[in-house]
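J.: Following is a predicted model, sequence given first.
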Amino acid sequence: GPKVLQIPSHQIIDMGQMVTLNCDPVSNHLYFYWYKQILGQQMEFLVNFYNGKVMEKSKLFKDQFSVERPDGSYFTLKIQPTALEDSAVYFCASSYWGGYNYAEQFFGPGTRLTVL
Amino acid sequence: DAKTTQPDSMESTEGETVHLPCSHATISGNEYIYWYRQVPLQGPEYVTHGLQQNTTNSMAFLAIASDRKSSTLILPHVSLRDAAVYHCILRVAGGNNKLTFGQGTVLSVIP
């Protein structure tokens, strides 16, 4: 079936540095999402994105976070600067529809971010 | 979105039919019921969804109570590949399509 790819699978950085997580969504999908899962805890919604704009963001989506999809390529999550509490697995997802017309979300395998 | 309640864990044997319950006593009329599952080191995978009528697809059968306050995901003839955490999620129609995950039910499958 359709696949969402995430690059890299694991990233280790020092606190205060910038990190960019990359997501290659399903090719014809229009809606994009980031979720965060701390080890042993439930997955939590961060943000969704459509037509170049953030549609909704949660309280976890701090000012240090930003998302974009330049030129229809990778959908990225940038954290600048990183903090220790940002250590988690970040999952990207995409769907063809969003809003009222629900469509299943396809998830990537996640990027494990470790902030030292 | 309204809250769901699921058992923490369930166990089954290969080939059996598994019934995974979900309680959503405060569900609203415009809330859909979704099921996703997640295996370790992978992202969640869509299983099925429904509003009022029972639904079926290649993966599972979703039975929704007539008062909509509970639902059951039925997995026929489970295999080892069905071992995962199963999440029952409610979503309001017209929202921004975000998924609110809980702890889910850990399904173990014994050979």
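T.: Happy to help now that I have it.

J.: where does chain B have low pLDDT?
T.: Within chain B, the ranges that satisfy pLDDT under 70 run B:1-2, B:95.

J.: excluding its backbone neighbours, what's nearest the closest residue to chain A within it?
T.: Using CB to the nearest CB, the single residue of chain B nearest to chain A is residue B:43, 2.8 Å away. For glycine as for every other residue, the C-beta is placed from the backbone atoms N, C-alpha and C. Excluding its sequence neighbours, the residue lying closest to residue B:43 (CB to CB, 6 or more residues apart in numbering or on different chains) is residue A:107, at 2.8 Å.

J.: Residue B:53 too?
T.: residue B:64 is the one closest to residue B:53 (CB to CB, 6+ apart), at 7.0 Å.

J.: again with residue B:74
T.: Nearest one to residue B:74, counting by CB to CB, 6+ apart, is residue B:61 at 4.3 Å.

J.: Just confirm the one you found contacts residue B:53, I think it does.
T.: No: Residue B:61 lies out of contact with residue B:53 (CB atoms under 8 Å); the separation is 11.7 Å.

J.: These two - which one has more neighbours?
T.: For residue B:61 versus residue B:53, neighbours defined as other CB atoms under 10 Å in any protein chain shown are more numerous around residue B:61 (16 against 8).

J.: dump the residue contacts of that one.
T.: Going by CB atoms under 8 Å, 6 or more residues apart in numbering or on different chains, residue B:61 touches B:54-55, B:73-74, B:76.

J.: can we see that at 10 Å?
T.: Going by CB atoms under 10 Å, 6 or more residues apart in numbering or on different chains, residue B:61 touches B:17, B:19, B:48, B:54-55, B:72-76.
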